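Engineer: coordinates for the following, if possible.
(one chain, ligands or ions: 1)
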Amino acid sequence: MNNFSIAIHGGAGTLVKGMMTAKLEARYKHDLKAALDEGYTILEDGGTAIEAVEIAVKVLEDSSLFNAGKGSVFTATESHEMDASIMDGKTLNAGAVSLITGIKNPVSLSRDIMEKSEHVFLAGEGAMQFAKELGYKIEDASYFYDEFRHNQWLEIKGTDSFQLDHATKKDSKFGTVGAVACDQEGNIAAATSTGGMTNKKWGRVGDSPMIGAGNYANNKTCAISCTGSGEFFIRGVVAYDVACLMEHKNMSLQAASDEVINNRILEIGGDGGLIAVDAKGNIAMPFNTEGMYRASKTSKGEAVIAIYK
Ligand code: ASP
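Structural biologist: Okay, here's the model as predicted:
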């Protein structure tokens with residue numbers, strides 16, 4: 001049996017310790033642990049890495065604390081436009097979706113695109129039509145309403161500014177979510193889901209649904225889920241860049257992840273972090289911001305639930 005492991009994140013950013021109440025910190029850790037445990041149980045029972053990352057991301061999407069699914073931020077038109085992706089490192093199959101509304105679990109739709117369509121990436125109205133044909137329930141806008149999120153949006157409503165959830169004011173919450181896992185067979189997978197940026201417009205799409213930028217998995221190298229300033233992560237092709245350093249420069253998972261997050265992406269002005277596993281069950285979780293909501297667990301019994309450096 002291969003060592004198995006899982007890592008999850010709930011976004012990276014300007015997380016300042018003094019701004020967080022003990023109660024809120026406990027809630028974040030509770031929801032991170034719930035997602036981690038669900039994913040880990042799948043792996044422990046012999047399930048696949050794909051199943052584990054989907055279930056872990058679903059738990060985070062169902063939490064209003066994170067900027068994905070239920071907790072998604074508001075767009076310029078007071079709606080929610082969500083993006084998600086998933087990739088199977090064994091087959092290199094992938095599914096991605098962007099600009100969808102009313103879907104409770106965008107990560108599951110990305111998996112259905114991977115498994116039930118001929119395509120990799122569906123967007124907007126067409127993606128919604130695909131979801132409806134598969135029988136997805138379309139949730140009312142009230143399901144996604146959160147007072148904190150709404151206030152965040154009201155502050156910049158009508159302006160040309162938009163706000164990255166993780167780079168915003170010091171008391172803000174942060175939150176794209178993701179999971180990476182290595183199963184007992186040594187297969188790895190990655191999934192990422194987000195509501196994007198507060199007050200975004202013009203059909204803005206970040207790195208989260210882009211295979212190679214915010215999400216990537218290949219058994220030969222690594223499975224990666226990113227969080228950070230999406231425009232920079234797209235230009236840095238961050239997730240694939242980690243895999244390239246491992247494949248072509250023979251770097252370890254930790255060294256390649258550190259190089260991309262602490263050097264390459266910083267050089268072009270990007271901030272954020274990523275979670276990574278390889279097919280031996282190793283884990284890396286580097287970030288160049290003050291914090292990153294993160295958790296991990298391995299079959300060797302190592303477990304982490306952390307927010308700050
Ligand atoms: N990377 C995401 C985006 O640009 C945001 C985040 O990680 O919070 O849409």
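Engineer: in contact with Phe66, which residues?
Structural biologist: Going by CB atoms under 8 Å, 6 or more residues apart in numbering, Phe66 touches Gly10, Gly11, Asp31, Leu60, Lys173, Phe174, Gly175, Thr176, Val177, Tyr293. The C-beta positions use only the backbone N, C-alpha and C, and glycine is treated the same way.
Engineer: can I take it that the second one is in a helix?
Structural biologist: No: looking at Gly11 with DSSP: H, G, I helix; E, B strand; the rest coil, it is strand, so not inside a helix.
Engineer: any idea of the pLDDT on it?
Structural biologist: Confidence at Gly11, expressed as pLDDT, is 94.
Engineer: His150 - that's part of a helix, no?
Structural biologist: Yes: using three-state DSSP, the assignment for His150 is a helix.
Engineer: ok, which pair from the contacts of Phe66 is furthest apart?
Structural biologist: For the contacts of Phe66, the maximum inter-member distance is 14.4 Å, found between Asp31 and Thr176 (CB to CB).
Engineer: who has more neighbours, these two?
Structural biologist: Neighbour comparison, Asp31 and Thr176: the larger count goes to Thr176, with 35 against 22 (by other CB atoms under 10 Å).
Engineer: how about the more buried one, what does it touch?
Structural biologist: Counting by CB under 8 Å, 6+ apart, Thr176 has contacts 9-11, 66-68, 165-166, 192-195, 206, 208, 214, 227.
Engineer: so what's it closest to, chain neighbours aside?
Structural biologist: Counting by CB to CB, 6 or more residues apart in numbering, Thr194 is the residue found nearest to Thr176 once chain neighbours are left out, at 3.9 Å.
Engineer: now the one you found: how far from Thr48?
Structural biologist: Note on Thr194: its distance to Thr48, by CB to CB, to the nearest Å, is 23 Å.
Engineer: between the two, tell me which one has more neighbours.
Structural biologist: Neighbours per residue (other CB under 10 Å) separate Thr194 from Thr48, with Thr194 holding more: 33 against 18.
Engineer: got a list of what that one touches?
Structural biologist: Contacts here follow CB under 8 Å, 6+ apart; on that basis Thr194 touches Asn67, Ala68, Ser72, Met82, Asp83, Ala84, Gly175, Thr176, Val177, Gly206, Ser208, Pro209.
Engineer: distance of the nearest residue to Gly102 once chain neighbours are set aside from Lys104?
Structural biologist: Nearest non-adjacent residue to Gly102, counting by CB to CB, 6+ apart: Ile138, 4.0 Å away. Applying CB to CB, the value for Ile138 to Lys104 is 9 Å.
Engineer: okay, the two: which has more neighbours?
Structural biologist: Higher neighbour count among Ile138 and Lys104: Lys104, with 18 against 13, using other CB under 10 Å.
Engineer: where does that one land on pLDDT?
Structural biologist: We have a pLDDT of 98 for Lys104.
Engineer: kindly report the same for the one 5 residues further on.
Structural biologist: On pLDDT, Leu109 comes in at 98.
Engineer: stretch 282-290 and the ligand in contact?
Structural biologist: No: contact of stretch 282-290 with the ligand (CB under 6 Å from any ligand atom) is absent, the minimum separation being 10.2 Å.
Engineer: how long is that stretch end to end?
Structural biologist: Using CA to CA, to the nearest Å, the end-to-end distance of stretch 282-290 comes to 23 Å.
Engineer: near the ligand, which residues of the protein?
Structural biologist: Among all residues of the chain, those adjacent to the ligand (criterion: CB under 6 Å from any ligand atom) are 11, 67, 164-166, 175-176, 194, 196-197, 206-208, 214, 227-228, 230, 233.
Engineer: just the ones in strands from those residues, please.
Structural biologist: Gly11, Leu164, Thr194, Met197, Thr227, Gly228 (DSSP state E).
Engineer: and Lys200, how far from Glu231?
Structural biologist: 11 Å.
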